[in-house]
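K.L.:
Below is the sequence, then the predicted model.
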Amino acid sequence: MINRTIAFIGTGNMSYAIISGMIKNGFDKSRIIATNRNCEKLAKVANELAISTDTDNLAALAKADVIVLSVKPQMMADLCQTFANSDIDISKKLFISVAAGLTIERLQQMLDQKVTMIRCMPNTPCLLGKGVSGLYSQNASEEERVFAQSIFDNTGITIWLKKESDINNITAVTGSSPAYFFLFMEAIEQKAKALGFSDEQARLLVQQTALGAAQMVESQNISISTLRANVTSKNGTTAAALAQFEKNDLVQSVSDAMDKCIARAQEMEQEL
């Protein structure tokens, strides 16, 4: 499948990151097409990535072997309807959806055909090549799965999910979780300012500490709980802080928040 042409329909920040990673890792840019209704955004993509662009989704559909559906979930029905109503044969094309809340069955209904479909749930650190993408398919061949994984490997790590409902679970674990970390960092930053540190100092202290902690998790082959214990002296300052978190049941609060995330993803499946 390495010689197949891939079209990104609705090229926003995530698609831009994926395409950038593909090009950096040697994918033939002449086989990439990006579409968007916004001519200004397309011009930026064309100038910076030197790939083919088009405002006509059907033109891109006709040329491509692999279609990445990256429009907003609320816009997907109209887009798929234009594909279904066209005279373009889509039966042999591989579709990859990065839209939240739309099951494979629902997407196939929108396209009025049981096309080969892979769902992907990426997260925003993909923009830095540090992302996580969860992949799932019911009917893709091994070759198609390998090709799809090769696309998202360019933005971080990938994991194949055993069942489609796991898309909602990985949304809670990785898709939405950057915001959890941002909230925690924001809380520390606000307290740092209240303690007298300048805005610039507070931001620098928080981001460097978060970066260092993440890199310790990545570089040391020990459990996260052990890392926490290693910086927690008995009756020390860290122990006092962690005791307060335990008093407020931080672990349960995080679990409840992730359950809410999953429940909302399930609701979106019904709404869309």
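P.N.:
Done, it's in. Residues are numbered from 1 along each chain as shown.
K.L.:
residue contacts, residue 167?
P.N.:
119, 121, 134, 136, 161, 265 (Cβ atoms under 8 Å, 6 or more residues apart in numbering). Where you see a C-beta, it was placed from the backbone N, CA and C, and this is true even at glycine.
K.L.:
among those residues, which ones are buried?
P.N.:
Buried residues within those, counting neighbours by 16 or more other Cβ atoms under 10 Å: 119, 121, 134, 136, 161, 265.
K.L.:
Which helix or strand contains the fourth one?
P.N.:
By that I understand residue 136. Using DSSP states H and E, residue 136 sits in strand 131-137.
K.L.:
which residues touch that strand?
P.N.:
Under Cβ under 8 Å, 6+ apart, the answer for strand 131-137 is 17, 104, 116-126, 144-145, 148-149, 152, 155-161, 163-164, 166-167, 170, 174-175.
K.L.:
picking that back up, with distance to residue 77 and pLDDT as extra columns, can I get the contacts of residue 167 in TSV?
P.N.:
Listed next are these as TSV, based on distance: Cβ to Cβ, whole Å; pLDDT from 0 to 100:
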residue	distance to residue 77	pLDDT
119	16	97
121	20	96
134	23	98
136	21	98
161	24	98
265	18	94
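K.L.:
In TSV, list the residues you listed along with distance to residue 196.
P.N.:
Below are the contacts of residue 167 laid out as TSV (distance: Cβ to Cβ, whole Å):
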residue	distance to residue 196
119	48
121	41
134	43
136	49
161	47
265	41
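K.L.:
Name the nearest of these relative to residue 234.
P.N.:
For the contacts of residue 167, the residue nearest residue 234 by Cβ to Cβ is residue 134; the value is 39.5 Å.
K.L.:
Can you pull the domain assignment for this protein?
P.N.:
Using automatic domain parsing, the domains assigned to the chain come out as 6-170, 177-269.
K.L.:
follow-up on the earlier one: now the contacts of strand 131-137: which count as buried?
P.N.:
The buried subset of the contacts of strand 131-137 - by 16+ other Cβ under 10 Å - is 17, 104, 116-126, 144, 148-149, 152, 155-156, 158-159, 161, 166-167, 170, 174-175.
K.L.:
mind listing what residue 244 touches?
P.N.:
No contacts exist for residue 244 under Cβ under 8 Å, 6+ apart.
K.L.:
Now the helix or strand hosting it: buried residues?
P.N.:
Per DSSP H and E: residue 244 is located in helix 237-247. The neighbour-count check on helix 237-247 (16+ other Cβ under 10 Å) flags residue 242 as buried.
K.L.:
same deal with stretch 98-107?
P.N.:
98, 99, 100, 101, 102, 103, 104, 106, 107.
K.L.:
separation between the nearest residue to the third one once chain neighbours are set aside and residue 5?
P.N.:
Read that as residue 100. Sequence neighbours aside, residue 73 is the residue nearest to residue 100 in space, at 5.9 Å (criterion: Cβ to Cβ, 6 or more residues apart in numbering). Going from residue 73 to residue 5 by Cβ to Cβ, to the nearest Å gives 25 Å.
K.L.:
just residue 256 next, same as before
P.N.:
Taking Cβ to Cβ as the criterion, residue 256 is separated from residue 5 by 45 Å.
K.L.:
And these two? Which one has more around it.
P.N.:
Ranked by neighbour count (other Cβ atoms under 10 Å), residue 256 and residue 5 place residue 5 first, with 16 against 11.
K.L.:
returning to that earlier point: strands paired with the strand holding residue 136, and their directions?
P.N.:
If you go by DSSP bridges, strand 131-137 pairs up with strand 116-121 (antiparallel), strand 156-160 (parallel).
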